[in-house]
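A.B. asks: Here's a sequence, model it:
(chains A and B)
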Amino acid sequence: MKGFKRHLDRLRPQFEPGGRWKKLHSVFDGVYAFLYTPNVTSTAGVHVHDANDSKRTMMLVVLALLPSLLFGFYNIGFQHNLACGLTCGFWETFLYGAARALPQIVVAYVVGLGIEFTAAQIRGRDVQDGFLVTGLLIPMICPIDTPLWMLAVAVAFAVIFAKEAFGGTGYNIFNIALIARAFLFFAYPAAMSGDQVFVSLGGSAAVDGFSGATPLGQISSALHPADVQLTDAVGNPLSTLDCFLGFMPGSWGETSTLCILIGAAILLISGVGSWRIMLSGVAGAVLMACIAWVSASPLCPAAYLSPLQQLCVGGFAFAIVFMATDPVTACRTRSGQCVYGFLIGLLTIVIRCYGLGYPEGAMSAVLIMNAFASLIDRCVVRVNINRRLRRLNAMQR
Amino acid sequence: MANIIQIKKGLDIPLPGAADLGHVEACVPHRVGVMPEDFPGYTWLPIVSPGDKVVAGAPLLVAREKEQLCVVSPVAGRVSEVRPGADRFVEAVVVEPSGAKSDLIRHEIPTMDSAREETVRLLCRAGLWVLMRQRPFDIVPDPDVIPRDIFVTAFDSAPLAPPVVDEQMASDLESGLSVLARLTTGRVYLGIPYDSSLTSKAARVYEFQGPHPSGNAGVQAAWINPVNKGEVIWTLDARTAVRIGRLMLTGETDASAEVVVTGPEAEHPCMIHTIVGADVSQLLRGHVKETVRHLRVVSGNVLTGQRVEPERGFLRFPYRQITLLEEGDDADEFMGWASVNAGSFSVKRSFLSGLGLRLGALRFDARLRGRRCAPILSGEYDRVFPMDIYPEFLLKAIEAGDIERMEQLGIYEVAPEDFALPEFVDTSKQPLQQIVRDALMSLRAKQIDNQGR
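C.D. replies: Below is the predicted model:
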């Protein structure tokens, strides 16, 4: 590896200002920093630094996403088999899903990183590591049949208007992945909802009785308490365990609560994710789900779902573990994080149950609370400021 | 019985290379240097020229803004160099000792009944005043201002730091604390380590238990009685109080220093008895490992110390420690972000060391270990910042240049050293101490500007 590094070092002048490839400086720098830890030493301040850096932090989130990602590959194939009446082995099922999902991931990374590299080059800054996670999150929260061009437009919109316009990684107010999802939802509603987009048929004919509606899609159209029996793509009953394991239609990366919990464990053990946000989020969701459950009526059919089902269906689990805990857009004070998480959980169920026309509320709940995060922090910090003021007043008396 | 304060937030960095305090050497330097940069808050003008002969205790530098403030020569000898630095300021005044111990200034000692001003004048003339710091601004105290309280710390909790005072200094310390008590209308507080036998009648004693920065006088002040807007407190270490005590007993400035040579690249780490401002190259003789490739010499500890050149540098304030470590600029760490290397130290649980697993020797060098970026993770600083302040929000206010918000969030209570551990753990690798220092200097300049109007 030393030889390769020396080779890269020899190439560096070509990418420096005045060099032949100076316009690719940020690309070279980004790739170099990915391969080798920069040997930049401290010039002022502390002389030793903690070994952790932003790249490792991002990679840990990617690692935490892997169980959901791999299960998502399998579930895409599984739902396809179910819808088309096929019987395939594990690897065939898995590879079908991978073949359908990988193009989405590639498109998200190519478009997003392309914009990031360009922005870094224009600004004369280093390429930031934030998109390593975002590029994976965006396809995972989209329906599998999302056209690639739509995905590319959404990624470009989110990165340019929600991130770079605010100053780049670390300065955005709203979660980039959710902005991309919201853009898709509002710009192309027909392609983002309904019964046909969450199960990949891959050109094959569906079996009789096929309905690709997600559990929340099914329940939102229920007219009577008796209609709340959740079913899979071909009408078989869907148990809560199935929902927990993730064998149901939905945005392909967020169906398995079990895999999300494994990801949550990775985030919590490594200390990257905030346990306060996750715990308070679940508490908020359970509380609101209980209230909705006991007061359920045909006007708001989603309230017929038990609190446990509410946690297992839709995108809540994924949102509270991977979206709400985004440290840039979440509250930064500890007590603020508890309020923030709690309200996300609460709002998710409120929108789900009472927001007619919106089967799922997690995306909206996180985006709404992103907007309020700094206000919550301001209130928490105000307490500290008031304490300091009281001390000052006491001294002056 | 002393009051006990338990501090939980903080971090003891497990830097290898602690000094063997039983192994004591002596070093008589061929050159000593005083560095104006060690005494922030004033512009220091040299009043000697190369070739001038000086006696020990003679002023070398005076403050342009306060003429009574001076930095004195630690030894008698000949000024060999007034080294120019950046922006036409003086970097160092270098004196070659003559070895004549009798060539020194012996000050007249004020009696206990004499006016406070007499004591202030003596401390300024003897060059001990500049060894104290005031908050707000973390600068050398203004002699015209009476502090609300004075906080003296008797221990240094920084990585590999030696004891600040020993048992033989106890009477001088008590004498110094009595002098300090005459300089404030409030109280003198002495912060001692938990279970220490140190006591004092002149000061109120507090025992501090917990990791670094529990030994920082500023942190101790924050726990005992924080400084408010409009107030001034002084902070100093007990060794300076000992010097003040000795001045009051002998009339001479005590320029001796007990220095430890420490760090991962130190050969036979030990204690050396020498003079303040001693030539670093002499102190390092025989104490640098032969295996070291690129050496970084830090005068002080790795968190707040100053980088000095091995050949031309001098022992810097607070004159008690030198740390040697590998520069690390020639490392080839392939995909370091994916490292499972047991030698990498991190407080994060994504590293073996962060999980409390020590499977091998930890390796430290001067690399940033990543690239500088915008702050991403939240709550990182809070865990190592034991003050009732939100450091992230204070830094945001500094970045925005919002003075009112800085004041609301406690800028007057902090010093750059309080941000040393946050800077160490910072994933975004920001130079936090420099940011805070710049903000404090800018605030002070504005304050002086307002007073001038």
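A.B. asks: Just confirm residue A:141 contacts residue A:253, I think it does.
C.D. replies: Yes: Residue A:141 is within contact range of residue A:253, at 6.2 Å (criterion: CB atoms under 8 Å). Glycine gets a C-beta too; all of them are placed from N, C-alpha and C.
A.B. asks: how about the helices of the stretch 1-150 of chain A, start to end?
C.D. replies: A:2-15, A:25-35, A:54-84, A:90-123, A:131-140, A:148-157 (DSSP state H, counting those that start in this stretch).
A.B. asks: nope, the stretch 1-150 of chain B is what I was after
C.D. replies: For the stretch 1-150 of chain B, the helices defined by DSSP H, counting those that start in this stretch cover B:116-125.
A.B. asks: still on that earlier bit, deepest in the core, which of the helices of the stretch 1-150 of chain A is it.
C.D. replies: Burial of the helices of the stretch 1-150 of chain A is given as mean neighbour count (mean count of other CB atoms under 10 Å in any protein chain shown); helix A:131-140 ranks first at a mean of 25.
A.B. asks: That one near chain B at all?
C.D. replies: No: Helix A:131-140 stays clear of chain B (CB under 8 Å from any CB of the partner chain), getting no nearer than 10.0 Å.
A.B. asks: for stretch A:110-127, same thing?
C.D. replies: Yes: using CB under 8 Å from any CB, a contact is recorded between stretch A:110-127 and chain B, made by residue A:126.
A.B. asks: Excluding chain neighbours, what is closest to the most centrally placed residue in chain B?
C.D. replies: Centroid-nearest residue in chain B: residue B:318, 4.7 Å away (criterion: CA atoms, centre = their mean). Distances taken as CB to CB, 6 or more residues apart in numbering or on different chains put residue B:237 closest to residue B:318, at 6.0 Å, once the chain neighbours are dropped.
A.B. asks: how many neighbours does the one you found have?
C.D. replies: Residues within reach of residue B:237, counting by other CB atoms under 10 Å in any protein chain shown, total 25.
A.B. asks: helices or strands up against the host helix or strand of residue B:244?
C.D. replies: Secondary-structure assignment from DSSP states H and E places residue B:244 in helix B:238-250. Using 3 or more CB pairs under 8 Å, 6 or more residues apart in numbering or on different chains; DSSP states H and E as the contact test, the elements touching helix B:238-250 are helix B:116-125, strand B:149-153, helix B:170-181.
A.B. asks: Would you enumerate the residues in contact with the closest residue to residue A:206 other than its chain neighbours?
C.D. replies: Distances taken as CB to CB, 6+ apart put residue A:83 closest to residue A:206, at 4.9 Å, once the chain neighbours are dropped. Shown in contact with residue A:83 (CB atoms under 8 Å, 6 or more residues apart in numbering or on different chains): A:199, A:201, A:206, A:207, A:210, A:212, A:233, A:234.
A.B. asks: just to revisit the earlier point, for the helix holding residue B:244, what is the average pLDDT?
C.D. replies: Confidence over helix B:238-250 (mean pLDDT, whole number) is 96.
A.B. asks: Please look at the residue nearest to residue B:318 and residue B:162 and confirm they touch.
C.D. replies: No: assessed by CB under 8 Å, residue B:237 is found out of contact with residue B:162, at 11.5 Å.
A.B. asks: which neighbours do those two share?
C.D. replies: Counting by CB under 8 Å, 6+ apart, the residues touching both residue B:237 and residue B:162 are residue B:156.
A.B. asks: List the contacts of the helix or strand bottoming out on mean pLDDT in chain A.
C.D. replies: Every helix and strand of chain A was ranked by mean pLDDT, DSSP states H and E. The lowest is helix A:215-220, at a mean of 78. Contacts with helix A:215-220, where a contact means CB under 8 Å, 6+ apart, come from A:193-195, A:198, A:211, A:228, A:230-231, A:238, A:243, A:248, A:250, A:301-302, A:304-305, A:309, A:313-314, A:352, A:359-360.
A.B. asks: List buried residues within these.
C.D. replies: A:193, A:195, A:198, A:211, A:228, A:230, A:238, A:243, A:248, A:250, A:301-302, A:304-305, A:309, A:313-314, A:352, A:359-360 (16 or more other CB atoms under 10 Å in any protein chain shown).
A.B. asks: Can you check the pLDDT for the residue nearest to the centre of chain B?
C.D. replies: 94.
A.B. asks: That one against residue B:304, yeah?
C.D. replies: No: here residue B:318 does not reach residue B:304: they are 9.2 Å apart, not a contact under CB under 8 Å.
A.B. asks: what number of residues lie near residue B:89?
C.D. replies: Neighbours of residue B:89 using other CB under 10 Å come to 12.
A.B. asks: now it, nearest residue through space, not along the chain?
C.D. replies: residue B:36 (6.8 Å).
A.B. asks: Extract the residue ranges of the chain that are flagged as low pLDDT.
C.D. replies: Defaulting to chain A. A:1, A:223-227, A:356 (pLDDT under 70).
A.B. asks: Correction: the question concerned chain B.
C.D. replies: B:1-2, B:453.
A.B. asks: again, only using 80
C.D. replies: Residue ranges of chain B with pLDDT under 80: B:1-2, B:101-102, B:112-113, B:357-360, B:451-453.
A.B. asks: that older thread, any chance of the helices of the stretch 1-150 of chain A in a markdown table, with distance to residue B:115 too?
C.D. replies: Converted to a markdown table, those look like this (distance: least, CB to CB, whole Å):
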| stretch | distance to residue B:115 |
| --- | --- |
| helix A:2-15 | 67 |
| helix A:25-35 | 63 |
| helix A:54-84 | 58 |
| helix A:90-123 | 61 |
| helix A:131-140 | 66 |
| helix A:148-157 | 73 |
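A.B. asks: Identify the bridge partners of the nearest residue to residue B:33 once chain neighbours are set aside.
C.D. replies: Nearest non-adjacent residue to residue B:33, counting by CB to CB, 6+ apart: residue B:314, 3.5 Å away. Applying DSSP bridges to residue B:314 gives these bridge partners: residue B:279.
A.B. asks: Residue B:314 contacts residue B:274, doesn't it?
C.D. replies: No: judged on CB under 8 Å, residue B:314 makes no contact with residue B:274 at a distance of 10.9 Å.
A.B. asks: so what's residue B:326 up against?
C.D. replies: B:264, B:265, B:292, B:293, B:294, B:295, B:296, B:363, B:364, B:365, B:366.
A.B. asks: packing partners for the helix or strand containing residue A:381?
C.D. replies: Element membership for residue A:381, per DSSP H and E: helix A:362-396. Contact analysis of helix A:362-396 by 3+ CB pairs under 8 Å, 6+ apart lists helix A:176-187, helix A:334-354, helix B:403-408 as its packing neighbours.
A.B. asks: Swap in 6 Å and give it another go.
C.D. replies: On a contact count with 3 or more CB pairs under 6 Å, 6 or more residues apart in numbering or on different chains; DSSP states H and E, helix A:362-396 meets helix A:176-187, helix A:334-354.
A.B. asks: which ones are touching residue B:11?
C.D. replies: Contacts for residue B:11 were tallied using CB atoms under 6 Å, 6 or more residues apart in numbering or on different chains; they are B:211, B:384, B:421.
A.B. asks: just so I know, which of the helices and strands packed on helix A:362-396 lies nearest residue B:115?
C.D. replies: The minimum distance between residue B:115 and the helices and strands packed on helix A:362-396 falls on helix A:334-354, with 50.7 Å, by CB to CB.
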